[in-house]
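Colleague: Let me see the structure of the following:
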Amino acid sequence: MFDHVEFPVGKIVESRRFFKSVLQALGVAEIFFDEGAGSAGFGAGDVTRLLVFEAELGPRRLHVCFSAASREQVAAAYTVALKNGGQDNGGPGYRDHYSPGYYAAFVFDPDGNNIEFLYRDSSVK
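Modeller: You can find the predicted model right below:
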């Protein structure tokens with residue numbers, strides 16, 4: 001649905017650790033980190049799909065949903081998120097009120113953004 005997402009973070013070192021760990025659990029690599037410029041990029045190959053950069057934060061919150069290939073990936077991303085500065089906002093499980101087979105977990109990242117990990121289980125009708 002989108003080519004890339006970019007948003008500011010309060011502390012690039014903390015946010016880099018958080019996103020690097022959770023995205024690795026989803027099979028997404030860090031493409032670059034430039035501490036001097038205060039930015040980090042994640043994606044596949046040489047294509048950056050997520051860019052975070054250090055800036056002063058205003059009173060906003062984002063919701064970003066990352067696709068997972070399995071329920072196990074959802075659980076793994078959720079677990080490493082909690083170990084790397086994330087706060088629980090809803091553990092792994094089916095949320096059929098969204099749609100059948102909607103298996104997701106939610107965390108708040110270090111800046112309070114709502115990060116979701118989603119597996120759409122086609123075996124559930």
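Colleague: Surely Y119 touches A76?
Modeller: No - assessed by Cβ atoms under 8 Å, Y119 is found out of contact with A76, at 11.1 Å. Every C-beta, even on glycine, is put in place using the N, C-alpha and C of the backbone.
Colleague: List the contacts of the closest residue to D111 other than its chain neighbours.
Modeller: Nearest non-adjacent residue to D111, counting by Cβ to Cβ, 6 or more residues apart in numbering: G10, 5.0 Å away. G10 sits next to E54, L57, P110, D111 when contact means Cβ atoms under 8 Å, 6 or more residues apart in numbering.
Colleague: Please report phi then psi for G10.
Modeller: The phi/psi pair for G10 (degrees, to the nearest 10) reads phi -80, psi -40.
Colleague: Lowest pLDDT pick from the contacts of G10?
Modeller: Lowest pLDDT of these: L57, 83.
Colleague: Where does the prediction get shaky in this structure?
Modeller: Within the chain, the ranges that satisfy pLDDT under 70 run 1-2.
Colleague: tell me the strands in it, going along the chain?
Modeller: Ranges of strands within the chain are 5-9, 29-34, 39-44, 47-54, 63-67, 87-88, 93-94, 102-108, 114-120, based on DSSP state E.
Colleague: What helices and strands are in contact with the second one?
Modeller: Taking 3 or more Cβ pairs under 8 Å, 6 or more residues apart in numbering; DSSP states H and E as contact, the helices and strands that strand 29-34 lies on are helix 12-25, strand 39-44, strand 47-54.
Colleague: one more time with 6 Å, if that's ok
Modeller: If you count contacts as 3 or more Cβ pairs under 6 Å, 6 or more residues apart in numbering; DSSP states H and E, strand 29-34 packs onto strand 39-44.
Colleague: same thing with the longest one?
Modeller: Contact analysis of strand 47-54 by 3+ Cβ pairs under 6 Å, 6+ apart lists strand 5-9, strand 39-44 as its packing neighbours.
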